[in-house]
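Student: 3D, please:
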Amino acid sequence: MESDFGAKLRQILSDAEAMEKISAMASALQSKEQSPAPAPAAPSVPAAQPPRDDRAAFLAALKPLLREEKRHKIDALQNALVFAEILGSYKKHKTE
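Tutor: Residues are numbered from 1 along each chain as shown. Reported below is the predicted structural model:
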């Protein structure tokens, strides 16, 4: 038996438009990570985009309090939240 998640993932991977959107987002995230950012003198909250939910706000607030070598974990969690949101909206769009 095939899981529902596996079926949805296979459906996303077979949709060229969805894959193009995911690829564009991944390249944007990758270029953001590769560009050297100047180290801030004091911890500050990123002003790029306001967090969309409480979990993202918590991660954004927690990040400046962590050591530099641990901050990549927060970035990974933020990326996972974005990916989960994309999958959720894709699922919602497909069911409509």
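Student: helix or strand for the residue lying closest to residue 94 once chain neighbours are set aside, which one?
Tutor: Leaving aside its sequence neighbours, residue 94 sits nearest to residue 11 (Cβ to Cβ, 6 or more residues apart in numbering; 7.2 Å). All C-beta spots, glycine's among them, are computed from the backbone N, C-alpha and C. Following DSSP states H and E, one finds residue 11 within helix 4-14.
Student: contacts for that helix?
Tutor: 18-19, 22, 87, 90-91, 94 (Cβ atoms under 8 Å, 6 or more residues apart in numbering).
Student: got the buried residues for the helix or strand following that helix?
Tutor: Sequence-wise, the next helix or strand downstream of helix 4-14 (DSSP H and E) is helix 16-34. If you call a residue buried by 16 or more other Cβ atoms under 10 Å, then helix 16-34 has these buried ones: 18, 22.
Student: and helix 16-34, what does it pack onto?
Tutor: Applying 3 or more Cβ pairs under 8 Å, 6 or more residues apart in numbering; DSSP states H and E, we find helix 16-34 packed against helix 4-14, helix 71-95.
Student: tally of neighbours for the residue nearest to residue 94?
Tutor: Neighbourhood size, residue 11 [other Cβ atoms under 10 Å]: 13.
Student: for residue 54, same thing?
Tutor: 8.
Student: From residue 5, how far off is it?
Tutor: 25 Å (Cβ to Cβ, to the nearest Å).
Student: Quick check, central residue of the protein?
Tutor: Taking Cα atoms, centre = their mean, the centroid of the chain lies closest to residue 79, which sits 2.3 Å from it.
Student: Excluding residues flanking it in the chain, which one is nearest it?
Tutor: residue 29 (6.3 Å).
Student: The one you found and residue 88, how far apart?
Tutor: Distance, residue 29 to residue 88, by Cβ to Cβ: 18 Å.
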